[in-house]
Every structure is written in C-alpha cells, then in structure tokens.
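Enquirer: need a structure here:
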Amino acid sequence: MDVERIQKINNLALDLMKQGLAPDREAAIQQAEQVFRNRDSDNYTEIRERMDEVKTDFSPHTKDKEVVDLSQNQIKDILQQNSTFLVKKIKEFQEKISSLEREISQLRTQMTYQKLPTVKEVISQKEEVREEPKLGEVKTSTPEGNHPRSGNYNDTDVSIEKFFYMGSK
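Expert: Coordinates of the predicted model:
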C-alpha cells in the first residue's frame, strides 16, 4: 500500500506542476502530501522519509564519490583493458575485410576466365570459318598428294582440247 500512496502523491505532484500550481517539484510534493493527509489519517512522514532515501540513493553526488574512489592504477588498468579489447576487435575486422577482398578478387578472376574462350573453342571456331566457303568462291577439293603438278593425274583429268582450242566464235 505504501507504493500505491507514493505513486498517487507523485502523480498529483506532477499534475500540480503541469498546471502551474507549484513552483518546483518539492513544493508540489508537499502540496500533494497535504491533500492526502487530509483524506487519510495515516502516517505520511514515513512515506516522506522513504522518498528522501530514494532521492539520496539516486543523487549524482554518490556517483561522483565512486569515481573519486578509483585509484590511478585502477583507471590505468581499465584503460589498458579497453585499449587491448579495441585493438583486438580492430584486427579481427581488418582480417575479415582482407579475407573478403581476397574472395572478391577470386570471384572477379573466375568471372573473367569464364568469359574468355578456351583453346579448344578458338580452334573449333577457326575450323568452322575455314569450312564455310565465302561468297563468290568455289571450293575445290584436291586430296593431298594428288596435285596435278606433281604428276599424279590421268588423261581424263584434263582435256587437251581446252589448252589448244582456237575455235571461232
């Protein structure tokens, strides 16, 4: 029940401050306590004391005392631990970045090698070009070793009339 009363007092104090009926928080709390004292006859001094205890627990002065209590060696140790931790993390990130850069370069080389034709592809393309006759050319096939100038031909291969024809037109 004490917590509920404290919450009611705090809510009423906030309302009083919002409406401008209290100049500061302390005055608003006092006015809210007076309103609740009039309603209830319980002992509100205990609530007030508890609120003061809570305020002193959260006051900034106690935090400053804790900071002052640290010795120079403790501060140096804490800073050293922080710096070693940060250096360790930075090195880990650098290693990760370098490994990612290596993977990217490997992938790039793989992509370029996939685009380049292989020797077999180049040879097959050249053979395809050789086999296709060009426009205006007649493809004659003479087997190797049976060339007419080498002497391996018959009388029926070449007509002598074609050489000596002097006919009239």
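Enquirer: now do the SS call for Pro23.
Expert: Judged by DSSP: H, G, I helix; E, B strand; the rest coil, the three-state class of Pro23 is coil.
Enquirer: lowest confidence element among the helices and strands of the chain?
Expert: Ranking every helix and strand in the chain by mean pLDDT, DSSP states H and E puts helix 60-69 at the bottom, with a mean of 53.
Enquirer: quick check: next helix or strand after that one?
Expert: Using DSSP states H and E, the helix or strand that directly follows helix 60-69 along the chain is helix 72-115.
Enquirer: which is the next helix or strand following that next one?
Expert: helix 119-131.
Enquirer: and that following helix, what does it pack onto?
Expert: Identification of packing neighbours for helix 119-131 by 3 or more CB pairs under 8 Å, 6 or more residues apart in numbering; DSSP states H and E yields no helix or strand. Any C-beta I mention is one placed from the backbone N, CA and C, and that applies to glycine too.
Enquirer: quick one: residues in contact with it.
Expert: When contacts are defined by CB atoms under 8 Å, 6 or more residues apart in numbering, helix 119-131 is touched by residues Pro117.
Enquirer: mind starting the numbering at 34 from now?
Expert: Taking 34 as the first residue, the last one we looked at is helix 152-164.
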